Structures are given as structure tokens and as C-alpha cells.
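In: give the three-dimensional model of this entry:
(2 chains)
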Protein chains: 2
Amino acid sequence: MNKKDLFGQIKAKSSYLCVGLDTDIQKIPEHLKKADDPLFEFNKQIIDATIDYAVAYKPNIAFYEAHGLKGWESLMKTIEYIPKEAFVIADAKRGDIGNTSKMYARAFFEEMNCDAITVAPYMGEDSVKPFLDFKNKWVILLALTSNAGGKDFQNLTLDSGEEVYERVLSKSQEWGSSEELMYVVGATKAEALKNIRQIVPDHFLLVPGVGAQGGSLEEVSKYGMNSECGLLVNSSRGIIYKDSSEAFAQVAGQEANTLQQEMSKYLEKYC
Amino acid sequence: MNKKDLFGQIKAKSSYLCVGLDTDIQKIPEHLKKADDPLFEFNKQIIDATIDYAVAYKPNIAFYEAHGLKGWESLMKTIEYIPKEAFVIADAKRGDIGNTSKMYARAFFEEMNCDAITVAPYMGEDSVKPFLDFKNKWVILLALTSNAGGKDFQNLTLDSGEEVYERVLSKSQEWGSSEELMYVVGATKAEALKNIRQIVPDHFLLVPGVGAQGGSLEEVSKYGMNSECGLLVNSSRGIIYKDSSEAFAQVAGQEANTLQQEMSKYLEKYC
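Out: Numbers count the residues shown, from 1 in each chain, chains lettered A, B, ... in the order given. Sure thing, here's the model as predicted:
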């Protein structure tokens, strides 16, 4: 999916919601645990219930990998099940030297037909570029993450005065345009968004951590949005685990709808 | 495997060789491509031919992941096939927030019973610690990688005067001891090893890039070794793709033997 089509979907649904499929066998409703493929069954119902309100889905690869072959099957079935209109992000945080990144790119872009993959920047240009060789596929580079450990290295100050994550933002723009590169930016640091938008005015930002981790959607939208929206805001636990009864999917749909309605306002106000 | 047992294996085999299983369907000998599971068949023969000279094997996960479910099957069969005496490193370069890293840890340490996993440091403490909760399992943290892009961020100078990779080395020692934490250090920068050994005197270093990427084994050994060896030196392409005829495994064994003999000398000289 290219940028124009993504923005088209955002306008069509008045939403920039990404639903995180961090599907944990221990957290899904009891009645699903007896299903043939509980992870897929859960995801299927979540997708059905949220597709009208979400423009993207983000399976967290670790949650599937933890179950070995069976988990990979659940993942692949889930990705196939997601309607073509939605943008699919493999939250894999991969990144290795050229040859190896190319293999990962094939796995996620060709074997699984995802639209995007999250990539860690530590190994630099030749670990990121192989992912950019795939047309209409996206790299979402970790810049500023919302976890406590993020500050261990991302917020260190360089002798140039920049912080490390700022250098990641500025340097990586030499590698790919805003048509193929996005950034992960933790929502709990909404103040930093103003600064980030000065460095990367045109790029989409994937913002995790609104909801369970307590970021403010309005602040993120106010400071993070650009003229093509430029935001995908993820919610995982706040949607998919809001309810653990047989009505879980219905409740997930309501949560997604509530977020979408709020997003609709901000799209009018800030975009 | 704990540090004492690893050093025991190194002494028993007079070797600190790690064989990288970057098994690429396009590079394996023609006659194997018709096998039921070509990747596994190739690995099996490589392992049989090199086990007397190698203390560790390092499957590069991307090469398996690129083939989807079938690739994961090949990987799991390979890991099961590696004799218990050898140290198994999942070269996966994972790393995500706590909950997710725990899932990856389960995948590689429990589902697959690997001894170690390579982890990217960008997300900091809470992305690394969940891997350290597993007894007798290891994190191998990326510090200084040998690829060209490594310098994009790893060699940036902080306002403290340290380079980013030096801070990764010093900071991460707060998270785990040399009984559970190793570092990836690119062999092409053997000069930096002296400096690295001052920061992490006791930790094992995994050194990729000797051979195909041209690092000098003697220099690495001279500056990188400590009193418990403290080195695992990896060779992938230089061993496994040295020959592409039906004699590939025999030639791989000879290459491994040659490296082991050289290592045997350095163990006497520098350890």
C-alpha cells in the first residue's frame, strides 16, 4: 500500500487507528481456548469487530513465535484474514546485516504479504536498506520508544547536542523517503512530538502506547499530525482485552468505535 | 550451558569456533536441493563434519524465517540435531518491551532450547532483562557490529566522550553478569578490542566476520582473549560454502579443522 492509498483509507474511515494483535493465549477468553487454533479464532473475531474503525493491524510477532510452528500458522492465517483495505504491520523489530535483512524482508513482505515491518536502527544503513528495496512496502524504524529502558540509549546526548533518537531520525532520511519509511514514536512523550515533527515533517509516525500506557490521544494528534494525517495510533490491550467474556469482540468493537469517533474530531481539527 | 561448561568444552576441543548456519537455499549444493528438507539436510551434514572442531553453532534465524513454516521446521530440526555438548546461539537480533521480549525468550529458550540469543540494545534495560531471567541461558548483546552501517550510530560520540557502543557495554553490565551476558563485537575492528576488554574484562565476546569479512584471527585472539578464553569466533560462509560439490561437508570439516588448529595455538599463547 502506498502513502496516498493509506491516507485514502484514513479519510474513508475517519480513523488512524491501528489495532495491535498482541494475542496472548493466557489472556484470551476461556471459551476460545478449546478452539482448534485459539490465537487465530480470537484474532478473526477481533478483526471482524474492528475493521470498520481501524485502518491498520499490527500483529506482535513474538506472541506467535513463542508457540513455535503452531504460532506461525496462527500468524499467517491472521495476516491472510485481514481485509486488503487494511495496512498490515509486522511488529517484528528486526534488523541485521544486508544479506540477512533481505531474508527477513522476504519473509514478511513476500511470504506473508505484510505492508510494513518494524526495524531496529542500531546496525545502521545496510541493515535497513534491504527492506526499502520492496516497492510499496514500508520500514517503520524505531526512533523513540515509550518503554522505561528507551532512555538508556535513545535519549543520550551526542557531542553535537542532538539526542541519539534525533540522529536516528535525521540520518535515516538519507536512506528512504516518506513514501517508504515511518517511525515509531512513543506516545508518552507527546511534548517531544513538536520537535520530532521539525525533523521529520512528512513521515508517518506509528505511535504505540495510547491507552494502556496512558498517552493522550489529543496531545499526540495535536502535535503529531501533518497535512496527510501522518499518524497511525496503536492500541492493543485497551481494545483486545477490554472484556474477557464471550462478548469480548463486541466490546473490542465498541472500544475501537469510541477511539475512531475521537480520531474523527481530531482529523477535522488538526489535519 | 553455564560459563564453566562452555570453557570446559573450549578446553576439551582446543577450539572457540562457532559455525554460522546461514543456510541459503540458493547457495547449497545442487544435489541437496531435491531432498525433502534441503536446509536441514545441508545443516546435518555440516554439523556432522564440524562437530569435532566447533564448540558452538549459530543458526541465522532470518534464513529460515524467509521460508515460512517450512523454514521454521528446518530450523527446529537443526537445533534438535546439534549435539548437546555444543552451545547453540539463535542469531535473531530480537529485542522489544518486557512482555514481548519474554515471549521471544520463551520461543528460543523453551520451545527451541537454544543456549543464547542475540539481542539489539536500542530499547534498553527492560527489553533485555526478560531474557536474563532464564537460568543458564545467555543474552548476546549487539555492541559493535562489523557491517558498514555499524558506524551510523554505534560510533557516535556522546557528550561524555564515550562512543555509543561503549555506553552499551558499560550500561548493560548493570543488567547481568558475565555468567549470562555476552557481546557481539565485530572482528574487523580488532584494535577496538583492547579498549573493549578494559570495559568488559570478564565477558565472552562473540566475534563474527573472521574469514569472509577478513578479520585477523590472531589479532582478535591476542587482544580479545581473557583467562577463560572469553571468545567465540564465528565463521559462516568461509566454512559452509567453501565447496559446492558433493564433497561440501568434507571440505567444511577441513576448513573448521584448520581454524581449530590455529585456535589451539592461540589458546596456548594468549589464554
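In: who in the stretch 151-271 of chain A is up against chain B?
Out: A:151-154, A:156-159, A:161, A:164, A:167-168, A:171 (CB under 8 Å from any CB of the partner chain). From N, CA and C alone the C-beta is placed, and that goes for glycine too.
In: quick one: contacts for the closest residue to residue A:80 other than its chain neighbours?
Out: Using CB to CB, 6 or more residues apart in numbering or on different chains and skipping residues adjacent in sequence, the residue nearest residue A:80 is residue A:113, 8.0 Å away. By CB atoms under 8 Å, 6 or more residues apart in numbering or on different chains, the contact list for residue A:113 reads A:79, A:80, A:88.
In: is it fair to say residue A:113 lies in a helix?
Out: No: using DSSP: H, G, I helix; E, B strand; the rest coil, the assignment for residue A:113 is coil, not a helix.
In: for chain B, state which of the residues of the stretch 151-271 of chain A next to chain B is nearest.
Out: Chain B lies nearest to residue A:152 out of these, by CB to the nearest CB, at 3.2 Å.
In: could you dump the contacts of residue A:113 to TSV with pLDDT, neighbour count and distance to residue B:147?
Out: Formatted as TSV, the contacts of residue A:113 follow (pLDDT from 0 to 100; neighbours: other CB atoms under 10 Å in any protein chain shown; distance: CB to CB, whole Å):
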residue	pLDDT	neighbour count	distance to residue B:147
A:79	98	20	29
A:80	97	11	34
A:88	98	24	28
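In: what's the local residue count around residue A:151?
Out: 16 (other CB atoms under 10 Å in any protein chain shown).
In: in three-state terms, label it for me.
Out: Secondary structure assignment for residue A:151 (three-state DSSP): helix.
In: just the pLDDT for it.
Out: pLDDT, residue A:151: 94.
In: go on, residue A:213?
Out: Here, the pLDDT recorded for residue A:213 equals 52.
In: go on, residue A:188?
Out: The model reports residue A:188 with a pLDDT of 65.
In: related to what we said a few turns ago, please report how far the residue nearest to residue A:80 lies from chain B.
Out: 11 Å (CB to the nearest CB, to the nearest Å).
In: in chain A, what residue spans correspond to strands?
Out: A:17-21, A:56-59, A:87-94, A:116-119, A:138-144, A:181-185, A:205-207, A:231-235 (DSSP state E).
In: closest to residue B:127 out of those strands?
Out: Closest approach to residue B:127 among the strands of chain A (CB to CB): strand A:87-94, 8.8 Å.
In: with just CA atoms, put that closest one into PDB.
Out: Extracted C-alpha coordinates of strand A:87-94, given in PDB (Å, rounded to 0.1, in the frame of the first residue of the first chain):
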ATOM      1  CA  PHE A  87      -2.500  -1.800   6.400                       C
ATOM      2  CA  VAL A  88      -0.700  -4.700   8.000                       C
ATOM      3  CA  ILE A  89       2.300  -4.100  10.200                       C
ATOM      4  CA  ALA A  90       4.600  -7.000  11.200                       C
ATOM      5  CA  ASP A  91       5.800  -5.700  14.600                       C
ATOM      6  CA  ALA A  92       9.000  -7.700  14.400                       C
ATOM      7  CA  LYS A  93      11.700  -5.300  15.300                       C
ATOM      8  CA  ARG A  94      14.100  -7.000  13.000                       C
END
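In: do it and chain B meet?
Out: Yes: Strand A:87-94 lies within reach of chain B by CB under 8 Å from any CB, at A:91, A:93, A:94.
In: kindly reformat those as JSON lines containing distance to residue A:45.
Out: Below are the residues of strand A:87-94 next to chain B laid out as JSON lines (distance: CB to CB, whole Å):
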{"residue": "A:91", "distance to residue A:45": "20"}
{"residue": "A:93", "distance to residue A:45": "27"}
{"residue": "A:94", "distance to residue A:45": "28"}
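In: any of the residues you listed buried? List them.
Out: Those of these that meet the buried threshold are A:91, A:93, A:94, by 16 or more other CB atoms under 10 Å in any protein chain shown.
In: which one of those is nearest to chain B?
Out: Checking those against chain B with CB to the nearest CB, the nearest one is residue A:93 at 5.2 Å.
In: and for residue A:69, the neighbour number?
Out: 14.
In: contacts only, for it.
Out: Going by CB under 8 Å, 6+ apart, residue A:69 touches B:69, B:72, B:73, B:76.
In: which of those fall in helices?
Out: Cross-referencing these against helices under DSSP state H gives B:69, B:72, B:73, B:76.
In: now the first one: how far from residue B:234?
Out: When CB to CB, to the nearest Å is the yardstick, residue B:69 and residue B:234 sit 27 Å from each other.
In: before we move on, what about the third one?
Out: According to CB to CB, residue B:73 and residue B:234 sit 24 Å apart.
In: who has more neighbours out of these two?
Out: Taking neighbours as other CB under 10 Å, residue B:73 and residue B:234 compare with residue B:234 leading, 26 against 18.
In: partners of the more buried one in the sheet?
Out: Per DSSP bridges, the residues bridged to residue B:234 are residue B:18.
In: who are the contact partners of it?
Out: B:17, B:18, B:19, B:20, B:56, B:58, B:206, B:207, B:208, B:209, B:210.
In: in chain A, where's the longest helix?
Out: helix A:248-270.
In: tilt between that one and strand A:17-21?
Out: Comparing the axes of helix A:248-270 and strand A:17-21 via axes from the mean of the first three to the mean of the last three CA atoms, to 10 degrees yields an angle of 150 degrees.
In: any idea how far helix A:248-270 is from the chain center?
Out: 17 Å (CA atoms, centre = their mean, to the nearest Å).
In: kindly format the C-alpha coordinates of it as CSV.
Out: C-alpha atoms of helix A:248-270 as CSV (Å, rounded to 0.1, in the frame of the first residue of the first chain):
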residue,chain,number,x,y,z
PHE,A,248,-15.1,-9.8,24.0
ALA,A,249,-15.2,-9.0,20.3
GLN,A,250,-18.3,-6.8,20.6
VAL,A,251,-16.7,-4.8,23.4
ALA,A,252,-13.5,-4.6,21.4
GLY,A,253,-15.5,-3.2,18.5
GLN,A,254,-17.1,-0.6,20.8
GLU,A,255,-13.7,0.5,22.1
ALA,A,256,-12.4,0.8,18.6
ASN,A,257,-15.5,2.8,17.6
THR,A,258,-15.0,5.2,20.6
LEU,A,259,-11.4,5.8,19.6
GLN,A,260,-12.4,6.3,15.9
GLN,A,261,-15.0,8.9,16.9
GLU,A,262,-12.4,10.8,18.8
MET,A,263,-10.0,10.5,15.9
SER,A,264,-12.6,11.8,13.5
LYS,A,265,-12.8,15.0,15.5
TYR,A,266,-9.0,15.5,15.6
LEU,A,267,-8.8,14.8,11.8
GLU,A,268,-11.2,17.7,11.3
LYS,A,269,-9.4,19.9,13.8
TYR,A,270,-5.7,19.3,13.2
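In: how far off strand A:231-235 does it point, in degrees?
Out: Helix A:248-270 and strand A:231-235 meet at an angle of 150 degrees, taking the same axes, to 10 degrees as the criterion.
In: let me see the mean pLDDT of stretch A:57-72.
Out: According to the model, stretch A:57-72 has a mean pLDDT of 92.
In: apologies, that question was intended for stretch A:194-207.
Out: According to the model, stretch A:194-207 has a mean pLDDT of 96.
In: now what about that stretch, what contacts it?
Out: With contacts defined as CB under 8 Å, 6+ apart, stretch A:194-207 is touched by A:3, A:6, A:18, A:58, A:89, A:118, A:140, A:143-144, A:166, A:169-170, A:173, A:178, A:181-187, A:193, A:215, A:220, A:223-224, A:226, A:228-234.
In: I am finished for the moment; much appreciated.
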